[in-house]
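Colleague: Sequence first, then the predicted structure, then my questions.
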Amino acid sequence: MAEKKIIFFDIDRTLYDPDTRSIPDSTKEALKILHDNPNIEIAIATGRAFYMLHIIQEIMEYINIFVLINGQIIMKDGKTIFRNPIDKNKVLNVVNTFNENNVKYGFLGEFDETLNIVDEKGKEAFELVDMKLPRIDPHFYQDNDIFQMWAFSDKSCHGKFKKEFSEMQLVSWLGGGFDLLSKGMSKKEGIKRILELEGIPLEDSYAFGDGDNDIEMLDYIPNSVAMGNASKQAKEHATYHTDDIKNDGVYKGLKMLGLIND
């Protein structure tokens, strides 16, 4: 009997191309082939929350495991099996610090997301990944669990805030700004939980990604693949490289790994 394998996919600029607002046809074909193999399980590992996954609706039928908000929430078979909100005192400290430094920010909850204010930098960040601009509610954190915060700032400020929030995890974006989440949380930690739950050895797991929030995942999984359009840092931490998302990168990467055949 063949050993069960699992493949974790990032979404933005890995499965989904925000420039064309679509999933490449070759990627859809590849995932169907994987899904038809009873020994392969397909999983998502993303910085998005579940309610933000409408962009991959075409392939959702192939997937039943979701590592969401960079490992802060895990879902399997439609049920939440793990959730890790940020400590409320830490959220308050971040809000106060951002207000003092005139930094625009946002909150990512389990079922909703908000911004404290909308400006051009915020609009550009969401347009870059083809995400709907959240509503404005600067007090959202007072009545809701927060799993991640966004900051819209220049990269030159990241070092300062890494020191300021040393008890939290700061992950830079490709387009500027950064995410803040609980220390030690990442896609990697979510994946470790899934591998243990599913009883799948690390050597039988695979990962595809392109961004800085994929680095720990790509570094942890031996069979990791960086997209051709990946950040320099992501490429440095991946075992293999494939083509750009616009040039059938996922399909070619899966073929390279021997997971699909022509």
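Modeller: Great, that's in hand. Numbers count the residues shown, from 1 in each chain.

Colleague: Would you list the phi and psi of the closest residue to K235 other than its chain neighbours?
Modeller: Closest residue in space to K235, ignoring its immediate chain neighbours: A226 at 4.5 Å, by Cβ to Cβ, 6 or more residues apart in numbering. In this view, the C-beta of every residue, glycine as well, is placed from N, C-alpha and C. Note on A226: its backbone torsions stand at phi -100, psi 140 [degrees, to the nearest 10].

Colleague: Correct me if wrong: A226 contacts A238.
Modeller: Yes - using Cβ atoms under 8 Å, A226 is in contact with A238, at 3.5 Å.

Colleague: Give me the more crowded residue out of these two.
Modeller: Legend: neighbour count by other Cβ atoms under 10 Å for A226 and A238, higher for A226 (29 against 26).

Colleague: Could you pull up the residues touching the more buried one?
Modeller: Residues near A226 by Cβ atoms under 8 Å, 6 or more residues apart in numbering: G209, D210, D214, L218, A234, K235, H237, A238, Y240, H241, T242.

Colleague: Same check on H241?
Modeller: Going by Cβ under 8 Å, 6+ apart, H241 touches V225, A226, G228, A230, K235.

Colleague: just to revisit the earlier point, so how far is G177 from the residue nearest to K235?
Modeller: The gap separating A226 from G177 is 22 Å, by Cβ to Cβ, to the nearest Å.

Colleague: same question for stretch 255-262, mean pLDDT?
Modeller: The average pLDDT within stretch 255-262 is 92.

Colleague: And the contacts of that stretch?
Modeller: With contact meaning Cβ under 8 Å, 6+ apart, stretch 255-262 is reached by 5, 7, 30, 33-34, 40, 206, 223, 225, 240, 242, 251, 254.
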